[in-house]
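>>> here is a sequence with its predicted model. Questions after.
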Amino acid sequence: MSATIIDGKAFAATVRGKVKDHVTALVADHGITPGLAVVLVGEDPASQVYVRSKGKSTVEAGMKSVEHKLEADTSEEDLLALIDQLNNDDTIHGILVQLPLPGHLNEDLVINSIDPAKDVDGFHISNVGLLGTGQKSMVPCTPLGCLMMLRDHHGSLSGLDAVVVGRSNIVGKPKAQLLLGDSCTVTIAHSRTKDLADVVRRADIVVAAVGRPEMVPGDWIKPGATVIDVGINRIDAPEKGEGKTRLVGDVHFPSAAEVAGAITPVPGGVGPMTIACLLANTVTACCRANGLPEPEGLTA
Ligand code: GUN
């Protein structure tokens with residue numbers, strides 16, 4: 001293996017440390033405790049795990065954590081009423097509605113009912129527009145985490161060729177906007193892209209966010225390129241025993257690590273950065289709400 005392994009777990013710990021320091025100062029100097037409300041509708045097991053983890057990390061960072069767990073058959077009206085209440089609660093600076101929502105709820109309507117200033121996911125249409133026009137916004141957590149790791153590794157990203165594989169609203173599109181904001185030449189590729197291998201081979205930076213296990217092999221990677229693997233896919237692992245599974249990314253790690261200059265592993269790469277950036281966004285939202293300077297290095 002020749003690539004440098006970008007340790008997302010260690011990097012996320014550093015970000016969480018900075019968040020905690022900032023929270024401590026906000027409490028000590030201004031008597032303000034940032035607050036994050038997480039809303040979970042229904043009992044999707046994976047969502048329950050995420051929500052519990054977000055709550056725990058929020059408390060560990062010294063912030064106020066509020067969890068609202070609603071029945072799977074909660075009406076849209078009741079959910080919107082809760083969001084309205086949180087929008088008007090001065091002790092809450094960030095609101096996250098865990099996705100996916102049960103099918104009878106209109107996700108776009110729900111997300112767009114969150115006060116954009118409290119939209120720590122950066123999914124509100126106002127924040128999407130602000131990011132797309134290079135204005136100050138709330139930035140989606142996973143793309144923000146990837147950007148922090150890329151900036152840390154490269155210093156300046158200016159002029160680099162970046163290919164984002166995947167065009168989701170949550171990762172692919174905002175990631176492309178952020179790279180453009182840092183003056184990369186950006187290509188968004190996806191499942192219908194012609195000659196995907198050749199497109200990826202041009203890139204100094206590859207961000208893989210397609211949700212397909214090990215789809216990007218090492219021979220698609222330009223020697224020395226930086227590979228950011230956003231995928232988290234659980235696959236069968238018969239070599240570990242019957243019925244066992246393991247996590248892999250969207251990149252075939254063993255072959256890519258032979259060629260890349262740097263690569264994020266799965267697990268332990270991008271994943272830990274997402275919650276760290278959720279905490280960072282909550283502090284940023286709190287500072288903006290109170291007219292205070294934003295934390296250094298925790299925003300785009
Ligand atoms: N479900 C999976 N990832 C996310 C996320 O980043 N934010 C929200 N709100 N829901 C999710």
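Nice, I can see it. Residues are numbered from 1 along each chain as shown.

>>> what's the closest non-adjacent residue to residue 32?
Excluding the flanking residues, the one nearest residue 32 by CB to CB, 6 or more residues apart in numbering is residue 26, at 4.8 Å. (C-beta placed from N, C-alpha, C; glycine too.)

>>> give me the residues contacting the host helix or strand of that neighbour.
Using DSSP states H and E, residue 26 maps to helix 8-30. Residues from elsewhere that reach helix 8-30 (CB atoms under 8 Å, 6 or more residues apart in numbering): 32-34, 57, 60-63, 145, 148-149, 152, 264-265, 268-273, 275-277, 279-280, 283, 286-287, 290, 292, 295, 297-298.

>>> report the buried members of these.
In those, burial by neighbour count holds for 32, 34, 57, 61-63, 145, 148-149, 264-265, 268-273, 275-277, 279-280, 283, 286-287, 292, 295, 298, counting by 16 or more other CB atoms under 10 Å.

>>> which ones are touching whichever residue of the stretch 201-300 of the chain sits closest to the ligand?
Taking CB to the nearest ligand atom, the ligand has its nearest neighbour within the stretch 201-300 of the chain at residue 274, 6.2 Å off. Contacts for residue 274 (CB under 8 Å, 6+ apart) come out as 141, 142, 145.

>>> overlap between those residues and the residues near the ligand?
Applying CB under 6 Å from any ligand atom to these, one finds that residue 141 fall near the ligand.

>>> need the contacts of residue 274 in JSON lines (columns: secondary structure and distance to residue 11).
Below are the contacts of residue 274 laid out as JSON lines (DSSP: H, G, I helix; E, B strand; the rest coil; distance: CB to CB, whole Å):
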{"residue": "141", "secondary structure": "helix", "distance to residue 11": "14"}
{"residue": "142", "secondary structure": "helix", "distance to residue 11": "14"}
{"residue": "145", "secondary structure": "helix", "distance to residue 11": "8"}
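
>>> I'd like the contacts of residue 274 as TSV, with pLDDT and distance to residue 127 appended.
Shown next, in TSV, are those (pLDDT from 0 to 100; distance: CB to CB, whole Å):
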residue	pLDDT	distance to residue 127
141	98	12
142	98	14
145	98	16
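
>>> same for the next helix or strand after the helix holding residue 26, what does it pack against?
Next along the chain after helix 8-30, taking DSSP H and E as the criterion, comes strand 35-41. Contacts defined by 3 or more CB pairs under 8 Å, 6 or more residues apart in numbering; DSSP states H and E place strand 35-41 against helix 45-60, strand 64-70, helix 76-87, strand 94-97, helix 271-289.

>>> and the fourth one, what does it pack against?
Just to be clear, that refers to strand 94-97. strand 35-41, helix 76-87, helix 271-289.

>>> can you redo those as JSON lines with mean pLDDT?
Converted to JSON lines, the helices and strands packed on strand 94-97 look like this (pLDDT from 0 to 100):
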{"stretch": "strand 35-41", "mean pLDDT": "98"}
{"stretch": "helix 76-87", "mean pLDDT": "98"}
{"stretch": "helix 271-289", "mean pLDDT": "98"}
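
>>> okay if I get those as JSON lines plus distance to residue 247?
As requested, these are exported to JSON lines (distance: least, CB to CB, whole Å):
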{"stretch": "strand 35-41", "distance to residue 247": "23"}
{"stretch": "helix 76-87", "distance to residue 247": "32"}
{"stretch": "helix 271-289", "distance to residue 247": "9"}
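
>>> report the closest residue of the stretch 51-200 of the chain relative to the ligand.
Counting by CB to the nearest ligand atom, the stretch 51-200 of the chain gets nearest the ligand through residue 99, at 3.7 Å.

>>> residue 117 touches residue 284, doesn't it?
No. Contact status for residue 117 versus residue 284: not in contact, 10.2 Å apart, counting by CB atoms under 8 Å.

>>> buried set for the helix or strand containing residue 227?
Assigned by DSSP H and E, residue 227 belongs to strand 226-229. For strand 226-229, the neighbour count (16+ other CB under 10 Å) marks 226, 227, 228, 229 as buried.

>>> nearest residue to the spatially most central residue of the chain in space, please, no chain neighbours.
Central residue of the chain (CA atoms, centre = their mean): residue 142, 1.4 Å from the mean position. Distances taken as CB to CB, 6+ apart put residue 274 closest to residue 142, at 4.8 Å, once the chain neighbours are dropped.
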